[in-house]
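# this one's structure only:
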Ligand SMILES: NC(=O)C1=CN([C@@H]2O[C@H](COP(=O)(O)OP(=O)(O)OC[C@H]3O[C@@H](n4cnc5c(N)ncnc54)[C@H](OP(=O)(O)O)[C@@H]3O)[C@@H](O)[C@H]2O)C=CC1
Ligand SMILES: O=C(O)[C@@H]1CCC=N1
């Protein structure tokens with residue numbers, strides 16, 4: 001099966017690097033031919049001459065340009081998408097927006113992956129429009145299952161998913177960096193501190209998933225009465241940690257809805 005990515009930036013490269021190239025024949029096209037040639041070579045995939053050639057040639061088009069560029073690029077390729085399946089990973093563009101920019105007859109699946117696709121651990125939302133036939137939905141799911149875990153969700157929840165799974169790796173990296181920096185403040189080398197924190201964050205997520213407990217009961221298990229942890233938790237509360245995280249997610253959702 002031939003899959004074509006229009007736009008070969010950070011996210012397309014993350015998805016492509018996780019994809020099984022034996023199973024999927026991958027093509028890319030992007031804005032700058034020479035730059036794209038190097039990206040194709042590094043990823044071990046094929047390059048199309050331009051967006052139109054790519055749209056004509058492949059079975060499935062994955063739109064991977066920025067939301068602001070989507071109208072221009074879709075107007076260029078829409079006449080060549082008839083009878084094909086189009087997937088879009090663009091934040092903020094609804095299935096209705098995408099149909100308005102292409103055709104009311106087009107099978108479209110809206111997707112929200114995240115950067116962890118690079119290591120085949122994306123947490124990806126998927127939502128088809130009403131025209132998508134079952135076999136095509138299965139193909140879309142197969143592509144994104146091969147690079148992580150998928151959640152078929154209602155479109156009304158897409159902006160929320162985008163914030164808590166699409167953008168949240170950035171928030172989590174900030175949290176990791178903050179913990180590591182605290183280690184540095186107290187005399188530990190940064191690399192060592194970051195390795196320790198990354199290991200702890202990863203294991204804590206696994207512990208949550210495997211134990212089936214809710215986060216607060218685990219917080220209580222770590223917090224010995226009169227002990228050290230609760231001192232830190234009270235400080236986090238005093239500094240509005242939870243409220244700050246929720247505010248950040250709300251701001252992210254609001255921006256997604258404005259796109
Ligand atoms: N980054 C992330 O973690 C996530 C991103 N997304 C979504 O993925 C999409 C891409 O984001 P991201 O990869 O971060 O952005 P990038 O800016 O890294 O990638 C965008 C790509 O589109 C290319 N491009 C620009 N204009 C055109 C054009 N006219 N024709 C073809 N290609 C073009 C760019 O080329 P050039 O660089 O040469 O301009 C670049 O390769 C966005 O819609 C975003 O919402 C979704 C989930 C997570
Ligand atoms: O920052 C963005 O707009 C994209 C959407 C989700 C993650 N990155």
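Sure, I can see it. Here the structure is a predicted model, which means the values were calculated and not measured. Numbers count the residues shown, from 1 in each chain. Ligands and ions are numbered 1, 2, ... in the order given.
# C-alpha only now, for contacts and for neighbours.
OK.
# Specify the residue ranges that define each domain of the protein.
As assigned by automatic domain parsing, the chain contains the domains 2-153, 161-258.
# Counting by contacts, list what the longest helix seen in the chain packs against.
If you go by DSSP state H, the chain has its longest helix at helix 190-211. Other helices and strands packing on helix 190-211, by 3 or more Cα pairs under 8 Å, 6 or more residues apart in numbering; DSSP states H and E, are helix 168-185.
# Could you list the buried residues of the helix it packs on?
168, 176-177, 179-181, 183-184 (16 or more other Cα atoms under 10 Å).
# Include pLDDT and distance to ligand 1 when you put those residues into a markdown table, please.
Shown next, in a markdown table, are these (pLDDT from 0 to 100; distance: Cα to the nearest ligand atom, whole Å):
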| residue | pLDDT | distance to ligand 1 |
| --- | --- | --- |
| 168 | 98 | 9 |
| 176 | 98 | 17 |
| 177 | 98 | 18 |
| 179 | 98 | 22 |
| 180 | 98 | 22 |
| 181 | 98 | 24 |
| 183 | 98 | 27 |
| 184 | 98 | 28 |
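# and residue 42, how many neighbours does it have?
Residue 42 has 11 neighbours, counted by other Cα atoms under 10 Å.
# and what of residue 230?
Using other Cα under 10 Å: residue 230 sits among 16 other residues.
# what's the answer for residue 59, then?
With other Cα under 10 Å as criterion, residue 59 counts 16.
# That one touches residue 1, doesn't it?
Yes - with contact defined as Cα atoms under 8 Å, residue 59 and residue 1 form a contacting pair (6.8 Å).
# neighbours around residue 115, how many?
Residues near residue 115, counting by other Cα under 10 Å: 23.
# wait, doesn't it sit right on residue 147?
No - contact criterion Cα under 8 Å: residue 115 and residue 147 do not qualify, at 10.4 Å.
# Residue 227 and residue 17: what is the separation?
According to Cα to Cα, to the nearest Å, residue 227 and residue 17 sit 45 Å apart.
# just the strands in this structure please.
2-6, 25-29, 46-47, 60-63, 85-88, 107-112, 122-128, 148-152 (DSSP state E).
# Just send those back as a markdown table, with mean neighbour count too.
Formatted as a markdown table, the strands of the chain follow (neighbours: other Cα atoms under 10 Å):
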| stretch | mean neighbour count |
| --- | --- |
| strand 2-6 | 24 |
| strand 25-29 | 23 |
| strand 46-47 | 20 |
| strand 60-63 | 24 |
| strand 85-88 | 24 |
| strand 107-112 | 26 |
| strand 122-128 | 24 |
| strand 148-152 | 17 |
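# any chance of the ones you listed in a markdown table, plus distance to ligand 1?
Output for those, formatted as a markdown table (distance: least, Cα to the nearest ligand atom, whole Å):
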| stretch | distance to ligand 1 |
| --- | --- |
| strand 2-6 | 5 |
| strand 25-29 | 6 |
| strand 46-47 | 12 |
| strand 60-63 | 8 |
| strand 85-88 | 8 |
| strand 107-112 | 5 |
| strand 122-128 | 9 |
| strand 148-152 | 13 |
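# do you know which of those strands lies nearest residue 253?
Closest approach to residue 253 among the strands of the chain (Cα to Cα): strand 107-112, 13.3 Å.
# Residues touching that closest one, excluding its own?
83-91, 94-95, 98-99, 124-133, 137, 140, 158, 161-162, 166 (Cα atoms under 8 Å, 6 or more residues apart in numbering).
# Go through the domains of the chain and pick out the most buried.
Highest mean neighbour count among these (mean count of other Cα atoms under 10 Å): domain 2-153, with a mean of 19.
# is any part of that one close to ligand 2?
Yes - residues of domain 2-153 contacting ligand 2 under Cα under 6 Å from any ligand atom: residue 91.
# Phi first, then psi, for the closest residue to ligand 1 within the stretch 51-200 of the chain.
Among the residues of the stretch 51-200 of the chain, residue 90 lies nearest to ligand 1; the distance is 3.1 Å by Cα to the nearest ligand atom. Main-chain torsions, residue 90, degrees, to the nearest 10: phi -70, psi 130.
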